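*Asks:* Need coordinates for the below:
(4 chains)
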Protein chains: 2
Amino acid sequence: MTDSPTSSTPTDIRGPRLHGVYDALRAAVLSGEIRPGEGISETRVAARYGVSRTPVREAFRRLADEGFLRIVPQVGTFVAPIQLSAVSDSQFIRETLECRTVRLAAERAEAADVASLTRLLDSHRAVMSPDRHSEFFALDEATHAELARIAGRPAVWDLLVAVKAQLDRVRFLSLHSEGWAAKIVGEHQSIVDRVAARDPDGAEEAMRAHLRTVFAAVDEIARTNSHFFET
Amino acid sequence: MTDSPTSSTPTDIRGPRLHGVYDALRAAVLSGEIRPGEGISETRVAARYGVSRTPVREAFRRLADEGFLRIVPQVGTFVAPIQLSAVSDSQFIRETLECRTVRLAAERAEAADVASLTRLLDSHRAVMSPDRHSEFFALDEATHAELARIAGRPAVWDLLVAVKAQLDRVRFLSLHSEGWAAKIVGEHQSIVDRVAARDPDGAEEAMRAHLRTVFAAVDEIARTNSHFFET
DNA sequence: AATGGCATACTAGTATGCAAGTTGCCGCGA
DNA sequence: TCGCGGCAACTTGCATACTAGTATGCCATT
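*Replies:* Residues are numbered from 1 along each chain as shown, chains lettered A, B, ... in the order given. Modelled structure (predicted):
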């Protein structure tokens, strides 16, 4: 063992057991299948997935770091309540960073970038039906990621994915109303228009308006599901 | 036992062994005691600290998540090289968030807040001698944390502590020149002045100037220690 | 001498047993 | 019926044994 790790991937590749358990639990918490306050134990989860406690333990630890679980030594592990303060902080951080990146994107966008965004918008319009909710969600994320890439700051979106986690928990609490998808795509269109026009001020305003829409929905859901939350 | 923040997650009350190993390793990597590319193994670290592999393993995982270590399965664990792109991204994120928070701080600061900042500045001036470097560093952090608190966004600083980690690794590579401490305190003074004057625009500009100073130093160090870095 | 293959010594991933601590139930007594 | 004490059954934290995969150096072969 001399030096050079020679690892092509920046994020480590771990055993499949850990990833399987981690992904399953994360999805279960995010979708609300396991509800805030509910207790889960390393032993039970290990038995359920047919693995030992060790990979389960690491998955727990990671999920606790992300704010999904709360580990209380010698007592148990519980699904963390959604903290309203964390939601508010997530919104603040997201708005601050995304308004800055979209401004940069508007300054730097080239023809190929605009074309890429337009393709994403077309794909997005194609999956607006309620039964393709997960595809719609993925394309929503992809659009924001693409804007960060165009801005020359793809890592900013990586950070936001982690920060957004608490927001996504809220989002999953409720399916959205009829015109929701159309409204989102329309706002994305406005952003892309301003980016294509190389208009940083307009792009920033369009992004701000878009995020305020999303945040308003989050607040609405929070009010109608207050039992899941903690002050 | 003073420098590293380690205030990552508020819900972390795990065993003392894990914390001991984690703090020691984090400090060793940050200070350069263990250099980028160097390999460490769970077994050796466990033996050295007189604990089993389990807490070492959790500490490794956490440090890998923070970007300090790179775990390559079946091969080994290595101190991650400092990625210049990560440093740049950290700077971008820090500037974006801190300029926004200091603006808010200037809008919201009350007399008590200004007094608190002034106290921090006085303390800071008292530890400007080179032999009190760790105290100086701690008060630097405390000032920025206080600004975030005044802005009503203390969690933003918690995030920045994690994001800043790569910057701090660079900072530790080199002790600073003669007038460095005075320059930092002077810039902090300018920021506090603008906050006290309830001048958001001025506060933001002062913060931007301050961060540009810090970033320039980081870039300088990066150039003169290129062997620690990775493109 | 150069090279290819294999044995060995390492690594992290996983499984499991033990220890320490908390919770809550259950029975006993007033 | 109500209150209290103690035990039992759980929990996670830690230690250790085992598995599987990789790098490396030695040795035989060419």
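*Asks:* ok, the one residue in chain A that gets nearest to DNA strand D - contacts?
*Replies:* Taking Cβ to the nearest atom of the strand, DNA strand D has its nearest neighbour within chain A at residue A:41, 3.2 Å off. Yep, even glycine has a C-beta here, placed from its N, CA and C like the rest. Residue A:41 makes contacts with A:76-77, as judged by Cβ atoms under 8 Å, 6 or more residues apart in numbering or on different chains.
*Asks:* Next one: it from chain B, what distance?
*Replies:* Distance from residue A:41 to chain B, counting by Cβ to the nearest Cβ, to the nearest Å: 16 Å.
*Asks:* and residue A:71, that's in a helix?
*Replies:* No: per DSSP: H, G, I helix; E, B strand; the rest coil, residue A:71 lies outside any helix segment and is strand.
*Asks:* That one bridge partners, please.
*Replies:* Beta bridges link residue A:71 to residue A:77, judged by DSSP bridges.
*Asks:* Surely it and residue A:65 touch.
*Replies:* No: look at residue A:71 against residue A:65 with Cβ atoms under 8 Å: they stay out of range, at 10.0 Å.
*Asks:* which residues of chain A fall in strands?
*Replies:* Assigned by DSSP state E, chain A shows strands spanning A:39-40, A:69-72, A:76-79, A:82-83, A:229-230.
*Asks:* Please convert the ones you listed to TSV, extending it with mean neighbour count.
*Replies:* Below are the strands of chain A laid out as TSV (neighbours: other Cβ atoms under 10 Å in any protein chain shown):
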stretch	mean neighbour count
strand A:39-40	16
strand A:69-72	18
strand A:76-79	18
strand A:82-83	20
strand A:229-230	16
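*Asks:* Which of these comes out lowest on mean pLDDT?
*Replies:* Between these, the one with the least mean pLDDT is strand A:229-230; it has a mean of 80.
*Asks:* show me what contacts residue A:101?
*Replies:* A:147-148, A:151, A:153, A:156-157.
*Asks:* burial measure for residue A:86, as a count.
*Replies:* Neighbour count for residue A:86, taken as other Cβ atoms under 10 Å in any protein chain shown: 20.
*Asks:* give the contact list for it.
*Replies:* By Cβ under 8 Å, 6+ apart, the contact set of residue A:86 is A:67, A:166, B:155.
*Asks:* and if we set it to 6 Å?
*Replies:* Residue A:86 makes contact with residue A:166, according to Cβ atoms under 6 Å, 6 or more residues apart in numbering or on different chains.
*Asks:* And the pLDDT for residue A:176?
*Replies:* Looking at residue A:176, its pLDDT stands at 69.
*Asks:* and what of residue A:134?
*Replies:* 86.
*Asks:* Residue A:150 versus that one, what's the distance?
*Replies:* Distance of residue A:134 to residue A:150, computed by Cβ to Cβ, to the nearest Å: 25 Å.
*Asks:* cool, residue A:203 as well?
*Replies:* From residue A:203 over to residue A:150 (counting by Cβ to Cβ), the distance is 11 Å.
*Asks:* between these two, who's got more neighbours?
*Replies:* Comparing residue A:203 with residue A:150 by neighbour count (other Cβ under 10 Å), the higher total belongs to residue A:203, at 28 against 24.
*Asks:* can you pull the contacts of residue A:145?
*Replies:* Residue A:145 sits next to residue A:157 when contact means Cβ under 6 Å, 6+ apart.
*Asks:* For chain A, which residues are neighbours of DNA strand D?
*Replies:* With Cβ under 7 Å from any atom of the strand as the criterion, chain A comes near DNA strand D at residues A:1-2, A:6, A:40-44, A:53-54, A:57, A:60, A:71-77.
*Asks:* restrict these to contacts with DNA strand C.
*Replies:* The overlap between these and the neighbours of DNA strand C (Cβ under 7 Å from any atom of the strand) comes to A:1, A:53-54, A:74-75.
*Asks:* Give me the buried subset of those residues.
*Replies:* Buried residues within these, counting neighbours by 16 or more other Cβ atoms under 10 Å in any protein chain shown: none.
*Asks:* give me every residue that touches residue A:188.
*Replies:* Going by Cβ under 6 Å, 6+ apart, residue A:188 touches residue A:143.
*Asks:* care to break chain A down by domain?
*Replies:* Using automatic domain parsing, the domains assigned to chain A come out as A:16-80, A:83-230.
*Asks:* got the ones next to DNA strand C among the residues of chain A next to DNA strand D as a markdown table, with distance to residue B:27 and pLDDT columns?
*Replies:* Below are those laid out as a markdown table (distance: Cβ to Cβ, whole Å; pLDDT from 0 to 100):
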| residue | distance to residue B:27 | pLDDT |
| --- | --- | --- |
| A:1 | 23 | 32 |
| A:53 | 30 | 95 |
| A:54 | 27 | 94 |
| A:74 | 28 | 91 |
| A:75 | 30 | 94 |
